[in-house]
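Undergrad: let's see this in three dimensions:
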Amino acid sequence: SGSSANPNNTTGTLTQNGGSLKVNDDFTVGLNGGQGTYNANGGTVSIGSGGGSFFDIGRTTISGNPGGQGIVDLADATSVDIDVEQLRIGTMPSSANPGSTVRGELTLSNATNTITATNILMGDSPGAGNTGLTSQLNFGSGTTTLNVSGDITLGGRKSNASVGADPGAIITVSGSPNKA
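TA: Numbers count the residues shown, from 1 in each chain. Model (predicted):
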């Protein structure tokens with residue numbers, strides 16, 4: 001358990017101290033029982049390449065495995081650009097163990113953020129048991145543009161989610177999102 005061939009129940013932290021991080025495809029923090037953390041202490045962050053890319057923060061995809069936790073803190077990044085089909089925070093698909101728990105937390109930059117996604121899903125579980133945890137999206141004090149063409153779901157099936165912003169935050173929602 002814990003190898004790249006079997007990334008279940010692993011713990012890890014990625015810390016960015018300046019520079020640039022560019023992820024051209026899927027990016028997952030906290031998978032299948034793992035406890036993952038990514039901190040950006042300065043620098044730019046770019047995740048995804050549009051349709052077909054996924055950014056998962058706290059995700060369980062298999063049965064019989066305890067859920068995990070993903071924490072992504074981008075508060076000190078100079079800019080954040082997320083361009084994905086799905087931004088999922090604290091989620092499990094229908095095939096996952098309904099007794100599992102999972103939690104995700106995303107804190108955006110206190111500078112500039114752009115999120116382009118087909119869908120944003122926060123807090124979603126096929127079965128009971130995940131209601132004691134709250135997945136979070138924190139906008140920080142920066143300027144954020146959300147370009148969402150599909151659904152924005154906060155607190156989907158049998159899960160809790162919260163959204164917050166620090167004083168001074170400016171949030172613009174564009175596209176044609178369906179909000180739930």
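
Undergrad: same for the lengthiest strand in the chain, what does it pack against?
TA: Criterion DSSP state E: the longest strand present in the chain is strand 44-59. With contacts taken as 3 or more C-beta pairs under 8 Å, 6 or more residues apart in numbering; DSSP states H and E, strand 44-59 sits against strand 20-23, strand 27-31, strand 69-73, strand 79-91, strand 103-107. In this view, the C-beta of every residue, glycine as well, is placed from N, C-alpha and C.

Undergrad: including distance to Gly50, mean neighbour count and mean pLDDT, could these go into a markdown table?
TA: Shown next, in a markdown table, are the helices and strands packed on strand 44-59 (distance: least, C-beta to C-beta, whole Å; neighbours: other C-beta atoms under 10 Å; pLDDT from 0 to 100):
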| stretch | distance to Gly50 | mean neighbour count | mean pLDDT |
| --- | --- | --- | --- |
| strand 20-23 | 13 | 14 | 96 |
| strand 27-31 | 14 | 24 | 92 |
| strand 69-73 | 20 | 22 | 96 |
| strand 79-91 | 5 | 24 | 96 |
| strand 103-107 | 19 | 25 | 96 |
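
Undergrad: now distance to Val163 too, for the ones you listed, in JSON lines please.
TA: Below are the helices and strands packed on strand 44-59 laid out as JSON lines (distance: least, C-beta to C-beta, whole Å):
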{"stretch": "strand 20-23", "distance to Val163": "24"}
{"stretch": "strand 27-31", "distance to Val163": "19"}
{"stretch": "strand 69-73", "distance to Val163": "15"}
{"stretch": "strand 79-91", "distance to Val163": "10"}
{"stretch": "strand 103-107", "distance to Val163": "10"}
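
Undergrad: quick one: buried residues of the longest strand of the chain?
TA: 44-48, 53-59 (16 or more other C-beta atoms under 10 Å).
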